[in-house]
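Trainee: turn this into a model:
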Amino acid sequence: MRALVRADPWRMAVLEEARDLALPGWAVGAGFLRSAVWDHLHGYAERSPLADIDLLFFDPADVSPEREAAAESRLGEQVAGGLWEVRNQARMHLLHGHRPYRDLEDGLRHWLETATAVALRLEPDGAMTVIAPFGLADLFALRSRPTDEGRARRNDYLARMRAKDWPRRWPLVRVEGLNA
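Mentor: Numbers count the residues shown, from 1 in each chain. From the prediction side, this is the model:
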């Protein structure tokens, strides 16, 4: 995955722009990475369009939505017209009545499907840190399956999978749990 991202100047620019914000415990994830991998595994030369760029961070000292909005405003459309969605994982537990998350990785554990619960941080020295609480096997196997949270919130998982309809764009993708 690191090599795929490094080979894509647009994705590298996204990571550099995110890094420049210097948000605590930050990473870019979700479709930004999933699409890169699935496009590659399908042999697509053209990048699949993204609804947004998910920039995550973890800062329990300031959980105001205004902080996220300020970061989104600062990022604007600087990177190839990308629409940014900035979310502090230190406040996301409130949406579903969970206990507070310990860190960004713990926040990812509460996402609905395994293939999207992946994030990447570009370190100051250029190294890349992958954050994947469920590993990368499902992502590279072209498989999306519910996490524990996805099973607990089955209706949300099912609605999301139906709305995303990933096999239409990536026909080799298997979405598990739709018929169970």
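Trainee: ok, longest helix in this protein?
Mentor: If you go by DSSP state H, the chain has its longest helix at helix 9-21.
Trainee: which residues touch it?
Mentor: With C-beta atoms under 8 Å, 6 or more residues apart in numbering as the test, helix 9-21 has contacts from 4-6, 26, 28, 32, 36, 47, 53, 55, 71, 74-75, 78-80, 82, 120-124, 128. All C-beta spots, glycine's among them, are computed from the backbone N, C-alpha and C.
Trainee: restricted to strands, list these.
Mentor: 28, 53, 55, 120-122, 128 (DSSP state E).
Trainee: flag whichever of these scores worst on pLDDT.
Mentor: On pLDDT alone, residue 53 ranks lowest of the ones in strands among the contacts of helix 9-21, at 94.
Trainee: returning to what we had before: what's the farthest-apart pair in the ones in strands among the contacts of helix 9-21?
Mentor: In terms of C-beta to C-beta, the ones in strands among the contacts of helix 9-21 reach their longest pairwise distance at 53 and 128, which sit 16.2 Å apart.
Trainee: neighbour count: these two, which is higher?
Mentor: residue 53 (24 against 16; other C-beta atoms under 10 Å).
Trainee: show me what counts as buried in the helix or strand of the chain with the lowest mean pLDDT.
Mentor: None of the helices or strands of the chain scores lower by mean pLDDT, DSSP states H and E than helix 65-75, at a mean of 90. Across helix 65-75, burial judged by 16 or more other C-beta atoms under 10 Å covers 67-68, 71-72, 75.
Trainee: tell me the angle of that helix relative to helix 9-21?
Mentor: Per axes from the mean of the first three to the mean of the last three C-alpha atoms, to 10 degrees, the angle that helix 65-75 makes with helix 9-21 is 130 degrees.
Trainee: just list the residues touching the most centrally placed residue in the chain, thanks.
Mentor: Nearest to the mean C-alpha position of the chain, by C-alpha atoms, centre = their mean, lies residue 30 at 1.8 Å. Residue 30 makes contact with 54, 111, 116, 118-119 under the criterion C-beta under 8 Å, 6+ apart.
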